[in-house]
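show me how the following folds:
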Amino acid sequence: MKFAIQYLSFFVIQNDGSSDQEHARRYKHYQTLDHAGYEGSEIKSFLDAEFTRIAKRKADVHAESENAPTKIGRFVVEPGHDPDSNPNYNLFQRLRTAADKQQFQYAADDMVRIYMNTSAVRGGAFIVALGKLNELFDDPFVFVLKCDFESKIARVSDERSLISRVEMAISARNIKSIQYPHMPEEGMLEPFELKIHQASHARYFEDFLKYVSYEKSKPEIVTDQVLSLVQQYIETKWQGGKEGENNDPAFLAAAAAYESANPETSGESLEEAGAHAEAEAGEAEGEAERDEGLRKLTGEPESGAEPYGHPGRILEESQYEAWAASDKRKLQEKWTHEDVMEATSRIVELQPELELRFKLDGISVKARMADYGNSLHIARFNGRYVVLLEGDAFQFEKGLSPVELLYPDELKDVLERIGKTDRGASYEV
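Next comes the predicted model:
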């Protein structure tokens, strides 16, 4: 995969760190090369392999991790509008259709000006290139590269001074790049997508194109799905659930207190309790007493209060929020096995290969989400957590161990052995 470079503009950005941004950030256009000029330049040997490497990098629309170095961006277009309503898209088209070296330089200059408005601009070389992949396409690709300067670089000079300092040395490491259009496979183009690569954790390089959006990563999508399921669970629980009942401990305690104060309603459903209260009171007072009885029984707030302001619900929602915001989380012990199976099945349906990772004390477990309830089980035994893995065959790697010689006991014998072992309790997943 070799690109024939048609035009290349080379800029140098200088940032002296001054608090006055207008004077701290400067850039200078060094040269714009056409095809012949590029072929005869020293920069060709530096960049030819880089263009190929950029094109061959694989990336998914939904990245595997939140900090994936390579992402796919899409031009933001309002519904009912054409792509040429997007200024970033228009700029790439100007670069792509430049009729001569001068037009290309003007468009490249506009690109570097946009970049100079980014909040975290660093000094270095800014390169904009147009290259064709002649064996596959007639239309060219646009490449935008940002190469940082390497500090404290020295080279051997002569026998007297031995070394001399290089003022500006371009670092080939961690080159940030944009390729437009995105080529998911050889011979296939996505005209409304670009591919961006930045190896560092700083996200500023993707920020300078304000009208390009990036889809959520797979972990972010799963997090959103889980939080959506949690919200559905809370809504169902605090609105009566599938059986028309609320099994929350706080609710059950309130119901028990009401029944204790009104023994004649014991064992009745909510509707029966309300009907009983209405029958005993007169027609004039029955409705108010029924509503009050139902309010106490269901734990609903008084008339005029917030409909979702029940203290039990507020407490539970805050607990879920704290759990979701934590980096290291323990087993919450809130949902039944059936609840978890239903939730995981809905997530796995969309992402069959989704990973499940956790630690039990210092032991790491890596599986698929689809394995839960099938070949991976979590249980309690003697006040401790137990993870059960089932399968047809073991595979050991990296060195021999005596465990490989084991003839396994039956599970009931292992559980009996665990039950006889005196260990401390309270372990986190």
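
only C-alpha atoms from now on, for both contacts and neighbour counts.
Noted.

residue 97 - how many residues pack around it?
14 (other Cα atoms under 10 Å).

same deal with the one 5 residues further on?
The criterion is other Cα under 10 Å. On that basis, residue 102 has 14 neighbouring residues.

how about it, secondary structure?
At residue 102 the chain is in helix, as set by DSSP: H, G, I helix; E, B strand; the rest coil.

quick one, grab the pLDDT at it.
pLDDT recorded at residue 102 is 95.

one more: residue 62?
For residue 62, the model assigns a pLDDT of 81.

and it, what element?
For residue 62, there is no host helix or strand (DSSP states H and E).

residue contacts, it?
Contacts for residue 62 (Cα atoms under 8 Å, 6 or more residues apart in numbering) come out as 71, 72, 215, 216, 217, 218.

with adjacent residues omitted, what lies nearest to it?
residue 217 (4.7 Å; Cα to Cα, 6 or more residues apart in numbering).

neighbours around that neighbour, how many?
19.

same check on residue 50?
16.

same question for the helix or strand in which it is found, mean pLDDT?
Here residue 50, judged by DSSP H and E, is contained in helix 43-56. For helix 43-56, mean pLDDT rounds to 89.

after that helix, next one along is what?
Downstream of helix 43-56, the next assigned helix or strand under DSSP H and E is strand 70-75.

show me which of the contacts of residue 62 are buried.
71, 72, 216, 217, 218 (16 or more other Cα atoms under 10 Å).

sorry, back to before: angle of the helix holding residue 50 against strand 70-75?
Orientation check (axes from the mean of the first three to the mean of the last three Cα atoms, to 10 degrees): helix 43-56 against strand 70-75 gives 80 degrees.

what helices or strands is helix 43-56 leaning on?
strand 176-180 (3 or more Cα pairs under 8 Å, 6 or more residues apart in numbering; DSSP states H and E).

strand partners of the strand it packs on, parallel vs antiparallel please.
strand 141-150 (antiparallel), strand 193-197 (antiparallel) (DSSP bridges).

mind listing residues that contact the shortest one?
Residues external to strand 193-197 that are found in contact with it (Cα under 8 Å, 6+ apart): 59, 69-75, 176-182, 206.

and those residues, which is closest to residue 392?
residue 59 (34.9 Å; Cα to Cα).

ok, that closest one - contacts?
Counted by Cα under 8 Å, 6+ apart, residue 59 has contacts 70, 71, 72, 184, 195.

if you skip the residues just before and after it, what's nearest to the third one?
Once flanking residues are discounted, residue 72 sits nearest to residue 195: 4.7 Å by Cα to Cα, 6+ apart.

roughly how far apart are that neighbour and residue 65?
16 Å (Cα to Cα, to the nearest Å).

likewise for residue 205?
On the measure of Cα to Cα, residue 205 and residue 65 end up 18 Å apart.

list the buried ones in stretch 178-193?
Residues of stretch 178-193 classed as buried: 178, 179, 180, 181, 182, 183, 184, 192, 193 (neighbour count, 16+ other Cα under 10 Å).

re earlier: tabulate the buried ones among the contacts of residue 62 (CSV), appending distance to residue 228.
What follows is the buried ones among the contacts of residue 62, written out as CSV (distance: Cα to Cα, whole Å):
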residue, distance to residue 228
71, 25
72, 25
216, 16
217, 17
218, 15
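
where are the low-confidence patches of the chain?
16-24, 151-168, 171-172, 200-202, 240-309, 421-429 (pLDDT under 70).

can you give me the helices for it?
For the chain, the helices defined by DSSP state H cover 21-24, 35-39, 43-56, 87-96, 101-116, 204-207, 218-238, 249-261, 270-280, 283-298, 311-325, 337-350, 411-420.
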